[in-house]
Structure formats: C-alpha cells, structure tokens
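Participant: Sequence first, predicted model second:
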Amino acid sequence: MSAPEHIPRPTSRQARFSLSCLLCWLLMAIFAPALVVSMILLVVDQRRKRARPQGHLTRIPTSPVHVVNSEVKLYTYGEDLYADMLASIKDARKHIFIETFIWKGDAVGRQFRDALGHAAARGIEVYVIYDSFANLVVPRAFFASFAPQIHMLAYPFLTLPFNPLSLASYARDHRKILVVDSHVAFLGGYNIGSLYAKHWRDTQARIIGHDAWEVEATFVDFWNTHRTRDLPRLAASMKRDWDPYIQFFRNEPSVLTFPIRASYYEVIDRARERIYLTQAYFIPNRFFIRLLFKAAERGVDVRILLPAISNHVIADWLGRAFYTACLKAGIRLFLYQDAMVHAKTATIDGIWSTVGTANIDRLSMLGNYEINLAIYNRELATQMESIFHNDTTHARELSLAEWESRPRLYKYAEYLLRPLRPFL
C-alpha cells in the first residue's frame, strides 16, 4: 500500500496573495460596470453638447432687505452680479478678499483681473484664492498675468502632508466669495466667467453691514491655514457679530467640521408648511432623503427644482436614482429647461432661507470647503419663494407615470451607476 500523497499547505504569503486577488476581483465586479456606463455617458454627452444651445435667461427683480444690522440683496442674473461686484472693487479703500472655485480666462475673467490690478495699483491690499484643480483647463499664463502687487494663493490639487485616509487631502475649495473693506460681502454659487453672466441660472447674495465680518473671517482663516511661506499672514478680524437672524455655516474639511449638512437636517425636520429646494446636483444621503420623505408624509409641500440636463452628466444620472422614491412620497420635481441651474438655495415655511456654495451631495456635504448663508426673515423668504415660482415657469414638472415609463435600458444604467454614489 502506497503512502498518502503529501499536499503542501499554502504559505501565509500565498494566502495573502489569494485574498488580495479575491478583493481585486470583487472591486472589479462592483465598479467596472459603473465605470463602463460612465464612459459611455460621457462620450454621448460630449457629442450632444456640441448641438445643445446655451439658454438665455430673464432677469428676476429683487430689492435689498434689511436684517438687523445688515442689508441683504439677492442676485439671479450674472451680469447684474458682476456689475455690482466690480463696482465694489472699484470703490475699495482698504482691502479686497476674493475666493473662487473657477476663474475663467475669458472676457469676464480678464475684467475682474484688471479691476483687481487697478485696485492694487492705487494701494489697495488685494488677496486672491482660487482652486488649482478646478482651473486646470485655464492657461497658467492667465493667472501669471495678474498684477505683481496682488497676493495669489492657488489652492493645491493635493494638500501636504498627504494622508490618503484623510478627507482634507482631497478637499476642493468650492467657495465663491468677495469681501471689500470688511463692509461688503458676496457669496453664492457664481464662479467667474462669461458663461455664467447670461447663460446659467444661479443665485448669489450680497451682505452690506456687520455680517460681512463673518465672510471675511472665513477667508482669513482659509488663507492663514493654506498660505505658502512667501505669502503674508492676515490678521484675524476682531469684529464679529451676534446677529441671530443671519447665520453662516462653513464646512472645514481640515478639522472635519461640516455644519451645513446639520443645518439642513434641522430646518427640514422643523418644516410644517412648505420646502422649496433648488439644486444643481442632488445626490442626498439616506438621512437627508428620509427627512424629506417624513416632511411630505406630515403634509409639507416639498418641491425640488433641478436642471433637466446639467453640466455633469454622471451627477445627473446618479441623482435620477432618487426620482422614483421622491415622486412616490409626494415630492414634486421640476426640471429646468434649456439652461443650467447652478443655484444652491432653499426656503422653508416663508421664514428661513439659505444661499450658498454647497450642493446636496457627498462632495459638498462631507468633502469640500463650502459656505452657506442662512437667514430668518419673512421679507427675504418671500423673495426667495417668488424666485422659485418664477423658475418653475421655465421648468417641466415630472410625473411618476412619465418617469416610470422611461426605457428599461435607462433604469439598468441607473442601477449599475449606484456604486459611484458615495464618491459624488
């Protein structure tokens, strides 16, 4: 009788290798279909963009509203906003702080560059922050052409020291703010560029008065945290206000602080009559969407305005995965036609309103540097509701029957894209 054949047992190194291979195959099985669908959507979207006309918007009149020690004015048309921003830059007497996510090197971008250069030439201290990753397609020569007296901070693609497990290492500077002389501040969704002047529907707020200090403090803190050694340190503003009717919420990935999300949670949970949301990209987390469902269940009129087609096709398709559940819950969805809606606003119960830079998605709520303004004021809320109703006249309301009748192939693509949702 022959001796039993000896079967060698795998070494620990072989076991680790096998486990690594298994994990790689699992990740490929989960993400490969989503990535393939994404590539197809991007190719199709690029072809459609060539024939897609840019929308032309109408002006929505607004008037300044006094809130305690400040005056707040809303802007929904880029040309009007840029004119007032440039006027504030021209009238500056001490300093100018400007921070933006995207700064195009086109006619509008050059207009702002030249205005800041003129201000610096007459002795005004000018500080500029822009996100380097968001401006990869903008020629470096454009930023190099700024006046040498201007202090420029290009927020880097990856922050150092790099920690792959830290959100702060990947965070983008998504804020869009301008502060002049600690007295006038602008914040909202508008980047700087000709495209946004007439063809994108966005919202910005101007604050004149004591509450501009809070926007300035946001800029100063970011500058001092991320400045390079060759850039001067800014003195922290000692002027701060305790105005309870105007609040600012700023996400700070460097210290893992994200109050914007919590501010939405609180007011949605408190809503009793109506919730009007306008969002460029709507990819909420489970708790956020559950709060909206609960609001609709208790009789709150929940309406969400979204672009029919945004500038980010993957975000569109990820957001559409929520449409069926929203419509079944009684939430009304309005799809803005023939133009990009880039606003990040909400107004609730005719009393609370917010304007800011944060989208309702993972990147804004738990990833990027953002700032939102929240105001408790009925007059301003009335204007916000008027703007929302005006926008819905340029939108098409989506019904559940229409949405459920979409092609089966679309439903399958939405399902395959689901693994990408936590990343956007």
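Facilitator: Done, it's in. Numbering: from 1, shown residues only.

Participant: Does H394 touch M340 like I think?
Facilitator: No: applying C-beta atoms under 8 Å as the test, H394 and M340 come out as separate, 12.0 Å apart. Backbone N, C-alpha and C define where each C-beta goes, glycine included.

Participant: So which of these two has more stuff around it?
Facilitator: Higher neighbour count among H394 and M340: M340, with 22 against 17, using other C-beta atoms under 10 Å.

Participant: Tell me the secondary structure of L234, please.
Facilitator: Recorded secondary structure, L234: coil (DSSP: H, G, I helix; E, B strand; the rest coil).

Participant: which residues does the nearest residue to I268 once chain neighbours are set aside contact?
Facilitator: Excluding the flanking residues, the one nearest I268 by C-beta to C-beta, 6 or more residues apart in numbering is L291, at 4.5 Å. Residues counted as contacts of L291 (C-beta atoms under 8 Å, 6 or more residues apart in numbering) are 265, 268-269.

Participant: V215: neighbour count?
Facilitator: By the measure other C-beta under 10 Å, the count of residues near V215 is 26.

Participant: re the thing from before, which helix or strand contains the residue nearest to I268?
Facilitator: Using DSSP states H and E, L291 sits in helix 286-297.

Participant: Could you do E266 as well?
Facilitator: E266 belongs to helix 259-270 when assigned by DSSP H and E.

Participant: before we move on, the earlier item: can you give me the distance of the residue nearest to I268 to Y82?
Facilitator: 36 Å (C-beta to C-beta, to the nearest Å).

Participant: these two touch, right, A339 and Y196?
Facilitator: No: counting by C-beta under 8 Å, A339 sits too far from Y196 to count as a contact (11.1 Å).

Participant: Looking at these two, which one has more neighbours?
Facilitator: Neighbours per residue (other C-beta under 10 Å) separate A339 from Y196, with Y196 holding more: 22 against 19.

Participant: average pLDDT across the helix or strand where that one lies?
Facilitator: Using DSSP H and E, Y196 maps to helix 194-198. Mean per-residue pLDDT for helix 194-198: 95.

Participant: list the helices and strands that helix packs on?
Facilitator: Applying 3 or more C-beta pairs under 8 Å, 6 or more residues apart in numbering; DSSP states H and E, one finds that helix 194-198 contacts helix 78-90, helix 107-121.

Participant: okay if I get the ones you listed as TSV plus mean neighbour count and mean pLDDT?
Facilitator: Formatted as TSV, the helices and strands packed on helix 194-198 follow (neighbours: other C-beta atoms under 10 Å; pLDDT from 0 to 100):
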stretch	mean neighbour count	mean pLDDT
helix 78-90	18	98
helix 107-121	18	98
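
Participant: Can you tell me which of those helices is nearest to F388?
Facilitator: Counting by C-beta to C-beta, F388 lies closest to helix 78-90 out of the helices and strands packed on helix 194-198; the figure is 18.4 Å.

Participant: And that closest one, how far out from the chain middle?
Facilitator: With C-alpha atoms, centre = their mean, to the nearest Å as the basis, helix 78-90 stands 21 Å off its chain's centre.

Participant: How about stretch 335-346?
Facilitator: Relative to its chain's centre, stretch 335-346 lies at 12 Å (C-alpha atoms, centre = their mean).

Participant: How far does it stretch from one end to the other?
Facilitator: Start to finish, the residues bounding stretch 335-346 are 16 Å apart (C-alpha to C-alpha, to the nearest Å).

Participant: before we move on, back to that, can you list the helices and strands that the helix holding E266 packs against?
Facilitator: Here helix 259-270 touches strand 246-251, helix 286-297, strand 344-348, strand 352-356, helix 362-366, strand 370-376, going by 3+ C-beta pairs under 8 Å, 6+ apart.

Participant: Just the CA trace of that helix, in CSV.
Facilitator: Only the C-alpha atoms of helix 259-270 are listed here, as CSV (Å, rounded to 0.1, in the frame of the first residue of the first chain):
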residue,chain,number,x,y,z
PRO,A,259,-22.2,72.1,9.8
ILE,A,260,-24.0,72.8,6.5
ARG,A,261,-25.5,69.3,6.4
ALA,A,262,-26.7,69.6,10.0
SER,A,263,-28.3,73.0,9.3
TYR,A,264,-30.4,71.4,6.5
TYR,A,265,-31.4,68.5,8.8
GLU,A,266,-32.7,70.8,11.5
VAL,A,267,-34.9,73.0,9.3
ILE,A,268,-36.3,70.2,7.2
ASP,A,269,-37.2,68.3,10.3
ARG,A,270,-38.9,71.5,11.6
